[in-house]
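# Predicted model, plus sequence, below.
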Amino acid sequence: MAGFSMRPCGDFRTTYRQDTRIFDTTFVRNAAILGIVAVGLIPFVLDGYYVNLFIQISYFAIAALGLNILVGFTGQISLGHAAFFGFGAFASAWINNHTGIPVLLSIPLAGMATAAVGLLFGLPAARIKGLYLAIATLAAQFILEDFFARADWFTGGSYGAAANPINVFGYEIMDDFSFFYVSLFFLVIMYVLGSNLMRSRDGRAFVAVRDHYLSAEIMGINLTKYRLLSFAVSSFYAGIGGALYGHYLGYVSAEGFTILLSIQFLGMIIIGGLGSVKGALMGTVFMVLLPEVMETGVSALSVFDWANSTAVTDGLAYIKEMAIGLAIILFLIFEPDGLAHRWQQIRAYWKLYPFSY
Amino acid sequence: MFNETSKGDVEMKKLIAATAMMATGLSVGAAKAEDSVFVGHLMDITGATGFIGKFYADGVRDALSYIKENGGIDGTPLEFESVDYAYKVPQAIANYKKWRSRNNMIAMQGWGTGDTEALISFVAKDEVPVYSASYSGHLTDPTGKNPKTAKPAPYNFFYGASYSDACRAMVQWAAEDWKKKGGEGKPVFSHIGDNHPYPNAPKEACAEYATELGFDVTSPVVVSMKPGDFKAQCLTLKEAGTDYGYLGNLGPSVVSLVKSCGTVGVDPTWLANIWAGDYETLKTIGDVDNYVFPVMTSFWTDEGVPGMELVRKISMESDKTGEQFRTHHYIRGICSVYYMKEAMEWAKENGGITGANIKQGMYARTDWVPKGLEGVCMPATWTAEDHRGINTVNIYSGEAHGGDVKVTKLETVTLPRRDDWLGY
């Protein structure tokens, strides 16, 4: 992906500082800012359904970016991301309920607590990699799930935990309209931080560890340190995403953070594009919207008389579930580099049109 | 010529309309009549709990469409949409928001723990009464009187006894049964289930009551939610001398546990939780005696129950022949819808059908049985501080031999409405 350059002719870089800018060109930066402003108008233009979908995309996308830092940038693997997501949700609720720290502060604190837990479960990464590491992180998933069910003092056990709404200067953020801006705020901050991390010394070290760990070590990169750091950063993101999720719902149930959600996170980053910050966002958008689009398709069929019998609607429900799987498989076959890659190609097409050679 | 093509034209227009809707992402229900009421129905027929969810979902759906076709809510047309959310919480939330923002939903029929608990805060804020099949004790405490209740759920209702109460009822029955059988010494009670919120829900509450009634309660036996070979756990039960074993898990896991125990000759009286006790489960187990389970309605095969006539009519909605066997989950779904319907009728007479009025409608009656379902749904009472709808449980016993299933009603147990059991 780095092979594509979107800079106009004659725009050469003369310093390293210029070479590591977050936005390639001024145009891209302005477009990104305009894009955020445009998204900020969503609650005024679209109805509550879309606002909710955007909020869902925000907290999942934050967690997905964390996983992409670990898997896509550092080349490690984690099958326990949902458990960290859940830990963040419980931690933020617990911190807020037991210490009275305001929710806006308990969210980053929950992120840090999750980072510490991630660090702990990332310890095996210091010694093992590949499939073995996958199994070690799978253990994290099950250990944490069991912990959620058992630790009544922390999670409320089968009673679950209440999470208070976010409170900004005495104003309680109760409805989707205002929560939308909170989630947008966190989404932008976390993505800017993520992009920034990737151009820093630590970010480059992550990529070096992924590309060739032996060479990286010879160049003086402390493998253990960076692998663990990657786990911590990844869990931090999961924790922030999970905390937002908890405070959005107002209630955290110990049931929701299963291995299926972990796999869904992996699906998001694989579809979006491994090793791409915006890929994590695109993949999340895809995974959140796909079932909704299918659902709309199925319910649109109900204008036909033949589609109104129970047998047909039940059949369609199965087809819908299978179609989601099928769409993902087709996607991986025809777009193995992910949505981020396709996006680059579309941009290149327009940039170079009509002389694409 | 024109007449012949007009039908095709209509189909064509519908096709265009459908495509347009898909393209714009509009929901079909958006074009609803102005003075009708809309009820959303979340079901799981393809997801993790689909194997049992489909029975309950069919009951709710058939009842809703029966009401829609037969006069609606006292003349007000009823609109509804059933959506399979495959037990995926994000989809449940999205559907809820869609119905709220586009269909002006005023009440919802939900399904399990996943969707119910994720929506607790939203429905309380939006004042949308939710009727679900998640019988967690903590949903019965609408004002948070019990200090353990993490999040009071004032707009959540369910028809049935909570998991804890159902287990207590079976324990109460078991205490009598032990005396009747002339058992010597203390009967031994064990909780058998995974370390998972669902089997854990009644664990403490039930064990406490069992101790109170003079049982010897062993430490819980952990059995995975996923089916497997559970002979080791069966031998643990044998060693503990369990006389009454509470089965906390769901269908497939329970089937393999009971089968495993059958092979090693361990056969205590099984006390199954409500979702593990039905005709289908017994049929799959194939060979078992003493399988006791709670039922909150009448059973499909019960005779002389006046309300079954309506149930059979409702069943014809999706089964024209009227011959299909329906589980008690199906019948419970019907009850759930009919309590909602009558609360809506009350609301209509008392200030209009709104969520808040429906909630008041739920409190308007005591020992309440919906019209036409006498003997099917049990007399229920909800109050503003106590959402334990019923405290009566029918205890049924099943046995299966070579696939032949026989289910008999043992008795109806009425539990005391104790204050310290509220929300627990």
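Nice, thanks for sending it over.
# So residue A:130 versus chain B, what's the distance?
26 Å (Cβ to the nearest Cβ, to the nearest Å). Heads up, the C-betas are built off the backbone N, CA and C, glycines and all.
# what comes up buried for stretch B:40-55?
B:40-55 (16 or more other Cβ atoms under 10 Å in any protein chain shown).
# So that stretch, near chain A or not?
Yes - Stretch B:40-55 lies within reach of chain A by Cβ under 8 Å from any Cβ of the partner chain, at B:45, B:46, B:47, B:54.
# so who does the first one touch?
With contact set as Cβ atoms under 8 Å, 6 or more residues apart in numbering or on different chains, residue B:45 has these partners: A:314, A:317, B:53, B:54, B:57, B:84.
# From the centroid of the chain, which residue is nearest?
Picked chain A for this. In chain A, the residue lying closest to the centroid (Cα atoms, centre = their mean) is residue A:64, at 1.9 Å.
# Wait, chain B was what I had in mind.
Centroid-nearest residue in chain B: residue B:133, 3.4 Å away (criterion: Cα atoms, centre = their mean).
# Just list the residues touching the nearest residue to that residue once chain neighbours are set aside, thanks.
Distance criterion Cβ to Cβ, 6 or more residues apart in numbering or on different chains; nearest residue to residue B:133, sequence neighbours excluded, is residue B:56 at 5.2 Å. Applying Cβ under 8 Å, 6+ apart to residue B:56 gives the contacts B:43, B:111, B:133, B:329, B:330, B:332, B:333.
# export those residues to JSON lines and tack on secondary structure and distance to residue B:104?
Shown next, in JSON lines, are those (DSSP: H, G, I helix; E, B strand; the rest coil; distance: Cβ to Cβ, whole Å):
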{"residue": "B:43", "secondary structure": "strand", "distance to residue B:104": "21"}
{"residue": "B:111", "secondary structure": "coil", "distance to residue B:104": "22"}
{"residue": "B:133", "secondary structure": "coil", "distance to residue B:104": "24"}
{"residue": "B:329", "secondary structure": "helix", "distance to residue B:104": "30"}
{"residue": "B:330", "secondary structure": "helix", "distance to residue B:104": "29"}
{"residue": "B:332", "secondary structure": "helix", "distance to residue B:104": "28"}
{"residue": "B:333", "secondary structure": "helix", "distance to residue B:104": "24"}
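# Just the closest of these to residue B:284, please.
Nearest to residue B:284, judged by Cβ to Cβ, of those is residue B:329 at 15.1 Å.
# residues in contact with the closest residue to that closest one other than its chain neighbours?
Nearest residue to residue B:329, sequence neighbours excluded (Cβ to Cβ, 6+ apart): residue B:55, at 4.1 Å. The contact partners of residue B:55, taken as Cβ under 8 Å, 6+ apart, are B:278, B:280, B:326, B:327, B:329, B:330, B:333.
# Need phi/psi at residue B:55.
With angles defined as degrees, to the nearest 10, residue B:55 sits at phi -70, psi -50.
# What segments of chain B are helices?
B:2-24, B:50-69, B:89-102, B:113-126, B:163-181, B:197-200, B:203-212, B:231-240, B:251-263, B:279-285, B:308-315, B:328-349, B:355-363 (DSSP state H).
# Kindly format the C-alpha coordinates of the third one as PDB.
Extracted in PDB, the C-alpha atoms of helix B:89-102 (Å, rounded to 0.1, in the frame of the first residue of the first chain):
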ATOM      1  CA  VAL B  89     -26.700  -8.100  20.600                       C
ATOM      2  CA  PRO B  90     -25.600  -5.400  18.200                       C
ATOM      3  CA  GLN B  91     -28.400  -6.400  15.800                       C
ATOM      4  CA  ALA B  92     -30.900  -6.400  18.600                       C
ATOM      5  CA  ILE B  93     -30.000  -2.900  19.600                       C
ATOM      6  CA  ALA B  94     -30.100  -1.700  15.900                       C
ATOM      7  CA  ASN B  95     -33.500  -3.200  15.400                       C
ATOM      8  CA  TYR B  96     -34.800  -1.600  18.600                       C
ATOM      9  CA  LYS B  97     -33.600   1.800  17.500                       C
ATOM     10  CA  LYS B  98     -35.000   1.300  14.000                       C
ATOM     11  CA  TRP B  99     -38.400   0.400  15.400                       C
ATOM     12  CA  ARG B 100     -38.300   3.400  17.800                       C
ATOM     13  CA  SER B 101     -37.300   5.900  15.200                       C
ATOM     14  CA  ARG B 102     -39.300   4.700  12.200                       C
END
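# Please tell me how far whatever residue of the stretch 201-350 of chain A ends up closest to chain B sits from residue B:123.
Nearest to chain B in the stretch 201-350 of chain A, going by Cβ to the nearest Cβ, is residue A:250, at a distance of 3.0 Å. Using Cβ to Cβ, to the nearest Å, residue A:250 is found at 11 Å from residue B:123.
# Any regions of the chain where pLDDT drops low?
Answering for chain A, as no chain was given. A:1-8, A:356-357 (pLDDT under 70).
# that answer is for a different chain, and I need it for chain B
B:1-34.
# go again using 50 as the cut-off
By pLDDT under 50, the weakly predicted segments of chain B are B:1-5, B:25-33.
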